[in-house]
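Undergrad: show me how the following folds:
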Amino acid sequence: MENDTNNVENPEAVEANATQAVQPKEEPIAKTAKDLFSDFKASDESDFEDLNDQEQASFSDSDEPLTKKIKKKKDLKRKPKPGHEDSPKKKNYIQKYKKEWESIPAVKPWISESVHGPHYFYCRFCKKDYKCGKTEIFKHMSAMKHKKHLTNTVQSVQNKFLFRGLLCPVITPFVKSRGKEVNYKLINPYAKFLKACGVKGILLNDITGEGMSLTTEERKQLVEFWYDICKEKNQFLMVQVGGAPLKSVIEMAVHAERLKVGAIVLMADLYHRPKTHLDLIRYIKIISEYTEKVPILYHHYPKYTQLYDIDMTAFLLDITGEVEQFVGVIYTTNDLQDGLTALTLNPEKYVVFMGTDEVMLGAVASGFTCIMGNSINILPKLAESICQCIKDGEIKSAQASQNLLKKAIDSIYCNGDMVSTLKAAISIMTNLPVDTVREPLQTVWEGTIIKMKNKLHEIGII
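TA: Now for the predicted structure:
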């Protein structure tokens, strides 16, 4: 009875202990893409191999080396001498993660903070967390396991996506009727015109192609039609599958991969727009889980998607290692500096297209080898001239071509919506009746087309 009395002597303490025992643990706050998609476990071990003296010296810094940390850990385990039981023990120094490590060029593409706390770092290539320390980071980088992941990642990207050059976002011709059905009869002569002008890359069902005004079945049929044309003419085909409900986007992505197109392009969900770059990564990852080998690019078009606040640098850093098929970005923006930052961030892994006619000269001069522009539909030789003149060092000729290109697109776009006026200009240049657009867009009036034609003739385009 005495024992029973002791057990219930302090019921409030017992209740407090019970409450504390069932208290759930707090979940770590998601800071990077890996927090959202995978169950990661921190590792106290390392995958690195021993470094030689030269490597060790190059990696040394003011941080305490790993050997001293291990020695201190052993010293703490030793029993104190008699009479010194109460003597203070020295604390073991544990290195914390430092943001400045991310600025080191050799580790910038793959290192990030860990969800397991400030004493760990995360490798995006190996998808694993390790204990911190600058020396440990560089030792991990020298490990065969890490090198293998790095090599496989780079090789897989190079094998998947080799296209470089001018990419043309093609239009979709419609029948001049109430239903505005797709006019397949006009696609062959239109494609023949582009091939004769030297266009080697085709982007289908993007904004210029009114992809968001087409049904899923229409978009799939267009892909099949253009696939045969591109195969015959040896052109690289990329297909934009975004701008639709997620289920339809996945269906079109699977269809494009089954046809073995060159790549698929995604835009952000236009109904449930991502609030952060992590939301965007999650959206792309969901779609990638239904495909296996087709390369994926993201079309960054803030003027159309209204996603001005997405941090593209953070996006490219955090998507590394999370979506194997992801290979790059198309920048349709006049912010050349932002595009250049993306271009130089991880050039071995990601390709970056500059997709704005107005900054074509600056993009090529800055090192962009992939250019997309609406003007390639009507003036591909002018775009090609800009690229060639920069390559040959003929700056004044390149500037003259860029100025002429700007005059042409200003003379076209001043007459209405971008897609409608571009299709009217293509009709003028090719003599093909491809000016009809699908509602809610409005087809350019015939009188305006005559006015546009006279202006293009005046500046020497036709």
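
Undergrad: can you pull out the strands in the stretch 301-450 of the chain?
TA: Ranges of strands in the stretch 301-450 of the chain, per DSSP state E, counting those that start in this stretch, are 326-331, 351-354, 370-372.

Undergrad: just the CA atoms of stretch 344-361, as CSV, please.
TA: Output in CSV follows, covering the C-alpha atoms of stretch 344-361 (Å, rounded to 0.1, in the frame of the first residue of the first chain):
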residue,chain,number,x,y,z
THR,A,344,26.2,31.3,-65.9
LEU,A,345,24.7,29.6,-62.9
ASN,A,346,25.3,26.0,-64.0
PRO,A,347,26.2,25.9,-67.7
GLU,A,348,27.2,22.3,-67.7
LYS,A,349,23.7,21.2,-66.6
TYR,A,350,21.2,23.9,-67.8
VAL,A,351,20.7,25.5,-71.2
VAL,A,352,19.1,29.0,-71.2
PHE,A,353,17.2,30.5,-74.2
MET,A,354,16.8,34.2,-74.6
GLY,A,355,13.3,34.5,-76.0
THR,A,356,12.9,38.2,-76.8
ASP,A,357,13.6,39.9,-80.1
GLU,A,358,14.4,43.3,-78.6
VAL,A,359,17.5,42.0,-76.8
MET,A,360,18.7,39.5,-79.3
LEU,A,361,21.9,41.4,-80.0
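
Undergrad: give the rounded mean pLDDT of that stretch.
TA: Throughout stretch 344-361, pLDDT has a mean value of 92.

Undergrad: buried set for that stretch?
TA: In terms of neighbour count (16 or more other C-beta atoms under 10 Å), stretch 344-361 has its buried residues at 345-346, 349-361. Heads up, the C-betas are built off the backbone N, CA and C, glycines and all.

Undergrad: what of stretch 308-316?
TA: By 16+ other C-beta under 10 Å, the buried positions in stretch 308-316 come out as 310, 312, 315-316.

Undergrad: wait, residue 202 sits on residue 171?
TA: No: counting by C-beta atoms under 8 Å, residue 171 is not a contact partner of residue 202; they are 11.3 Å apart.

Undergrad: tell me which element residue 206 falls in.
TA: Following DSSP states H and E, there is no helix or strand that holds residue 206.

Undergrad: the closest residue to it other than its chain neighbours: how many residues sit nearby?
TA: Sequence neighbours aside, residue 240 is the residue nearest to residue 206 in space, at 4.2 Å (criterion: C-beta to C-beta, 6 or more residues apart in numbering). When neighbours are counted by other C-beta atoms under 10 Å, residue 240 registers 26.

Undergrad: separation between residue 240 and residue 191?
TA: Here residue 240 is placed at a distance of 17 Å from residue 191 (C-beta to C-beta, to the nearest Å).

Undergrad: which stretches of the stretch 51-200 of the chain form strands?
TA: For the stretch 51-200 of the chain, the strands defined by DSSP E, counting those that start in this stretch occupy 111-113, 120-123, 128-131, 165-169.

Undergrad: which stretches of the stretch 51-200 of the chain aren't confidently modelled?
TA: For the stretch 51-200 of the chain, the stretches with pLDDT under 70 are 51-93, 147-160.

Undergrad: can you list the strands of the stretch 51-200 of the chain in a markdown table and add mean neighbour count and distance to residue 415?
TA: Shown next, in a markdown table, are the strands of the stretch 51-200 of the chain (neighbours: other C-beta atoms under 10 Å; distance: least, C-beta to C-beta, whole Å):
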| stretch | mean neighbour count | distance to residue 415 |
| --- | --- | --- |
| strand 111-113 | 22 | 48 |
| strand 120-123 | 24 | 52 |
| strand 128-131 | 22 | 57 |
| strand 165-169 | 22 | 19 |
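
Undergrad: can I get those in TSV with distance to residue 451?
TA: Listed next are these as TSV, based on distance: least, C-beta to C-beta, whole Å:
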stretch	distance to residue 451
strand 111-113	55
strand 120-123	59
strand 128-131	63
strand 165-169	25
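
Undergrad: would you tell me which of those strands gets closest to residue 328?
TA: strand 165-169 (11.6 Å; C-beta to C-beta).

Undergrad: the closest one versus strand 326-331: what angle between them?
TA: 70 degrees (axes from the mean of the first three to the mean of the last three C-alpha atoms, to 10 degrees).
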